[in-house]
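Trainee: I need the structure of the sequence given here:
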Amino acid sequence: MATAKTESSFDRAAAVKQFDETRAGVKGLVEAGVSSVPPLFRHSPDPFRPSPSGSVSIPTIDLSLPRAETVELVRAASHDWGFFQVINHGIPVSTITKTLSSIRSFNELPSSDRAPFYSRNLTGGVSYSSNLDLYKSSAASWRDTIQVMTGPTRPDPDRIPPVCRNEVLAWDEHVTQVGQTLLALMSEGLGVAPNRLSDLTIGQGKLMVCHYYPPCPEPDLTMGLVTHTDPGALTVLVQDSVGGLQVKRTGEGRDQGCWVDVEPVEGALVVNVGDLLQIISNDEYKSVEHRAVLRSREKSRVSIAVFFNPSKRGDSDLYGPLPELISHKKPAHYRDFTMGEFMGVFFGNQLASKALVEHFKL
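Mentor: Sure thing, here's the model as predicted:
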């Protein structure tokens, strides 16, 4: 990635305000015919090397395999990679295609049709904006996002753009079933009852995040999504065929110390462990850094992630390592906390921060 340009005359605060007030997002820049990446979106180079194309990939797990075999594959992938893809999960390819197409259709409406939905507040459980951390990050990313809070309270359907409303609501039902299956498999992988994670109300709190990455005139100068880990328990993502999602593989060995491409597999869902599940599992499962790079000057990219979180968020609802996983030989690595404290730490930092898990370490 090319070196970011820093100019003493660049007023970032003014640029952020001007960009946000257009209510057109990054797609608005493309519609305006930008031929270069504006300073607001320029990122510093990342020295972490990419993996040789096709040399290594995250695991792909067939959910139709015998239960015991599937549990072990999910456990191993969650422990070793923190990321894996699943096939034979029960959602038809036609449904996936239709859902992704509906998100693209909204983002490719004229800006005058998108602008009425533009808001940074989850009013009615729905928002459409560009860059959640726009006012905190050191550089903005090349994407626009629809967020829909689908649980525990259902969103106001009228707040979801009509062109993708039915598809978004249907996708929530489909992916919730897959999420419940995965939570049971991951519970068993920890050696506890299949309903152990769901009993913590994980899966009842849900946020759907629909990202649209417009074509970019200089893909090497910016990012689609900066390096980060997901704060929640579990993420289930579907992506189109363009690609760009990468997972950081660290450590020693031939396949480690690099960025690994998560190559799109038709009909597959991408699953990853979040920070909360790493803590709950007492580091048996790991939440790893990932990012989205831009692949094309001509093509847009669409992905839809659903974050599964606990719905119980009272002052007496504490989260931390499962007691069943703590022993004299393996003491707790983290202290207990409320979800209010947990999310407060998350929203107090820019997306690229690694402070969340570290904050609760003993």
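Trainee: can you give me the end-to-end distance of stretch 251-269?
Mentor: Taking C-alpha to C-alpha, to the nearest Å, the first and last residues of stretch 251-269 lie 26 Å apart.
Trainee: off-centre distance for stretch 88-98?
Mentor: Distance of stretch 88-98 from its chain centroid, counting by C-alpha atoms, centre = their mean, to the nearest Å, is 20 Å.
Trainee: send the alpha carbons of that stretch over as PDB?
Mentor: Backbone C-alpha positions of stretch 88-98 (Å, rounded to 0.1, in the frame of the first residue of the first chain) are rendered in PDB as follows:
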ATOM      1  CA  ASN A  88     -24.300 -27.300   3.600                       C
ATOM      2  CA  HIS A  89     -25.700 -25.000   6.200                       C
ATOM      3  CA  GLY A  90     -29.200 -25.100   4.900                       C
ATOM      4  CA  ILE A  91     -29.500 -21.600   3.200                       C
ATOM      5  CA  PRO A  92     -30.000 -21.900  -0.600                       C
ATOM      6  CA  VAL A  93     -27.500 -20.200  -2.900                       C
ATOM      7  CA  SER A  94     -30.500 -18.400  -4.500                       C
ATOM      8  CA  THR A  95     -31.400 -16.800  -1.200                       C
ATOM      9  CA  ILE A  96     -27.800 -15.700  -0.700                       C
ATOM     10  CA  THR A  97     -27.600 -14.200  -4.200                       C
ATOM     11  CA  LYS A  98     -31.000 -12.400  -3.800                       C
END
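Trainee: OK, contacts around residue 339?
Mentor: Contacts for residue 339 (C-beta atoms under 8 Å, 6 or more residues apart in numbering) come out as 309, 310, 312, 313, 317, 319. C-beta coordinates here come from the backbone N, C-alpha and C atoms, glycine included.
Trainee: so which of those residues is the most crowded?
Mentor: Neighbours here mean other C-beta atoms under 10 Å. Within the contacts of residue 339, the largest count is held by residue 309, at 27 neighbours.
Trainee: torsion angles phi and psi at it?
Mentor: Torsion angles at residue 309 (phi, psi; degrees, to the nearest 10) stand at phi -140, psi 170.
Trainee: that one reaches residue 206, doesn't it?
Mentor: Yes. Residue 309 lies in contact with residue 206 (C-beta atoms under 8 Å); the separation is 7.2 Å.
Trainee: what sits in contact with each of those two?
Mentor: With C-beta under 8 Å, 6+ apart as the test, residue 309 and residue 206 reach no residue in common.
Trainee: for residue 179, what are its contacts?
Mentor: If you count contacts by C-beta under 8 Å, 6+ apart, residue 179 has them with 203, 206, 234, 236, 306, 308.
Trainee: my guess is the last one is in a strand, correct?
Mentor: Yes. Residue state for residue 308 (DSSP: H, G, I helix; E, B strand; the rest coil) corresponds to a strand.
Trainee: so what's it up against?
Mentor: So residue 308 contacts 179, 183, 202, 203, 205, 206, 232, 233, 234, 235, 236 (C-beta under 8 Å, 6+ apart).
Trainee: for residue 273, see how far away it is.
Mentor: Residue 308 sits 11 Å away from residue 273, taking C-beta to C-beta, to the nearest Å as the criterion.
Trainee: any common contacting residues for these two?
Mentor: Both residue 308 and residue 273 are in contact with residue 234, where contact means C-beta under 8 Å, 6+ apart.
Trainee: residue 83 bridge partners, please.
Mentor: Residue 83 forms beta bridges with residue 272, as assigned by DSSP bridges.
Trainee: now for the contacts of residue 339, which pair is the farthest apart?
Mentor: Largest separation among these by C-beta to C-beta: 309 and 317, giving 12.1 Å.
Trainee: residue boundaries of the strands in the protein?
Mentor: Along the chain, the segments classed as strands by DSSP state E run 60-62, 83-87, 126-129, 144-151, 205-213, 225-228, 234-239, 245-249, 258-261, 269-273, 290-292, 301-309, 318-319, 337-338.
Trainee: can you tell me the closest non-neighbouring residue to residue 84?
Mentor: Distances taken as C-beta to C-beta, 6 or more residues apart in numbering put residue 77 closest to residue 84, at 3.8 Å, once the chain neighbours are dropped.
Trainee: tell me which residue is most central in the protein.
Mentor: By C-alpha atoms, centre = their mean, the chain has its centre lying nearest to residue 305, at 5.4 Å.
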